[in-house]
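>>> kindly return the folded structure for what I paste below:
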Amino acid sequence: SVYSDNVDGIRKAVRYAHEKGHTRIAFISGAPAGVTNKRYEGYEGMLKELGIPVREEYYKVSRYRDVKLTKELTAELLTLPEPPTCILMPDDYAGLGGLAAIREAGLRVPEDISVIGFDGLEYMAHISPRLTTVYQDVKRIGEAAAELLLKRIDNKEKDTPAKSIKVPVSLIEGETVVPPQKS
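Numbers count the residues shown, from 1 in each chain. Got it, this is the predicted structure:
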């Protein structure tokens, strides 16, 4: 298997938000799966490492690439008595729903609330404000997977051990994260 370092990706996002002054950081994850578990592990672990309480109401479960559900969950977060100042989205595409919910609530990104995506989709660099996101190198993932598959095909031995490759991620600083407003 070949996969992105999901734990480190969310850790980078939480750390970046914290460096900007955020302590009320929410996370909308994708549906329960191995990737989601790893991302939650990174979220919870980094909050604890930074001394930020893990708040159950700041964690919501959506589905990957689900704009509508992510929009609904973002709207729920915005109505909390103490809403988050930064929201981590399940992925860049679903994050479009979160951005819409923020606009519909009469709020602005990043002035009123900060947002961080996950994927680094190229087209997101063309929205305004430019999305801050965790970049997954899908080309590198695909190439590594193809290489593993070809080696597996070439090796006629049936007892060849399975191999996993974790591909590093990076944070792309866009324009959707600024220090929170003082309230």
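
>>> list the buried ones in stretch 64-74?
Neighbour counts over stretch 64-74 (16 or more other C-beta atoms under 10 Å) mark 64-67, 69-71, 73-74 as buried. All C-beta spots, glycine's among them, are computed from the backbone N, C-alpha and C.

>>> quick one: it to chain centroid distance?
Mean-position distance between stretch 64-74 and its chain equals 13 Å (C-alpha atoms, centre = their mean, to the nearest Å).

>>> not counting it itself, show me its contacts.
Identification of contacts with stretch 64-74 by C-beta atoms under 8 Å, 6 or more residues apart in numbering yields 28, 30-31, 60, 62-63, 87, 89-91, 93-98, 100-102.

>>> return the helix or strand in this structure with minimum mean pLDDT.
Least confident helix or strand, the chain: helix 138-154 with a mean of 87, by mean pLDDT, DSSP states H and E.

>>> what's in contact with that one?
Counting by C-beta under 8 Å, 6+ apart, 1-4, 160, 163, 165, 167 sit against helix 138-154.

>>> just the contacts of stretch 64-74: which are in helices?
93-98, 100-102 (DSSP state H).

>>> among those residues, which one sits closest to Pro180?
Proximity of the ones in helices among the contacts of stretch 64-74 to Pro180 (C-beta to C-beta) peaks at Ile102, which lies at 14.0 Å.

>>> what sits against that closest one?
Here Ile102 is in contact with 74, 78, 108-109, 112-113, 115 (C-beta under 8 Å, 6+ apart).

>>> pick out the most distant pair among the residues you listed.
Spatial extent of the contacts of Ile102 (C-beta to C-beta) is set by the pair Thr74 and Arg108 at 14.0 Å.

>>> re earlier: and the contacts of stretch 64-74, which are buried?
Looks like the contacts of stretch 64-74 have 28, 30, 60, 62-63, 87, 89-91, 93-98, 100-102 buried, using 16+ other C-beta under 10 Å.

>>> phi, psi of the residue nearest to the spatial centre of the chain?
With distances taken as C-alpha atoms, centre = their mean, Phe118 lies nearest the centre of the chain, 3.7 Å away. Backbone geometry at Phe118, expressed as degrees, to the nearest 10, gives phi -150, psi 120.

>>> partners of it in the sheet?
Val134 (DSSP bridges).

>>> isn't it up against Ala13?
Yes: using C-beta atoms under 8 Å, Phe118 is in contact with Ala13, at 7.3 Å.

>>> what do these two both touch?
Common neighbours of Phe118 and Ala13 (criterion: C-beta under 8 Å, 6+ apart): 88, 134.
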